[in-house]
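Q: predicted structure and sequence below. I'll ask about it afterward.
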Amino acid sequence: MEQMKNNCTGMDSKLADLLLDPAAVPAKVQTHVAECDRCQTELAELKATMNLLDEWEAPEPNPYFLTRLDARMREEREAAPGGWLAGWIARARAGFAYGAASHVRPLAAMALTVMLLVGGGTYLGVTDWNHPEQPAPQTAVVHDLQLLDNNAQILDQLESLSDNQNGD
């Protein structure tokens, strides 16, 4: 019996299956429920709940519910709030929420798209203005030849100075 108490984990879904379709439940689960007091109590509570739900009947909806709901929504749309700014905001909100005579949502989406495209293009154009052109980098061969040419000029100048000092 003690071993069965430890084996009750995960039996909730199996108890529901046992209640709804006893033929589909494995024999191992059925023997466990037959031997376990806790699972038998849980199964009896589930049966009582299901019987109570079978007896319950949903109340009939009021036939005037939709008419009253439409009237209430119309009153909310037409209610005048205090102040011109609050009134404008309320009308704009009601137009978006309940729908307006002119379809504003596609126009607003198109305006937002145009603003994003113009803003993005402007941003790209502004960021390109600040970059000055960089001179092309010199290759290693050209740089080495320029250094050799400068060294040759310096050597010629040093030779001419040494000739002048020796010849004086």
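A: Arrived safely, thanks for sending. Numbering: from 1, shown residues only.

Q: so where's the protein uncertain?
A: Regions of the chain meeting the criterion pLDDT under 70 cover residues 1-6, 80-82, 98-104, 126-133, 135-136, 138, 167-168.

Q: domain parsing for it?
A: According to automatic domain parsing, the chain comprises the domains 2-55, 93-128.

Q: list the contacts of stretch 17-31.
A: Here stretch 17-31 makes contact (Cβ atoms under 8 Å, 6 or more residues apart in numbering) with 11, 14, 33, 43, 46-47, 50. Every C-beta, even on glycine, is put in place using the N, C-alpha and C of the backbone.

Q: about what we covered before: do you know which of the domains of the chain lies nearest L155?
A: domain 93-128 (47.5 Å; Cβ to Cβ).

Q: how about that closest one: buried residues?
A: By neighbour count with 16 or more other Cβ atoms under 10 Å, domain 93-128 contains the buried residues A94.

Q: distance from the chain centre to it, please.
A: Domain 93-128 has its C-alpha centroid displaced from the chain centroid by 21 Å (Cα atoms, centre = their mean, to the nearest Å).

Q: next one: stretch 158-168
A: The chain centre lies 83 Å from the centre of stretch 158-168; the measure is Cα atoms, centre = their mean.
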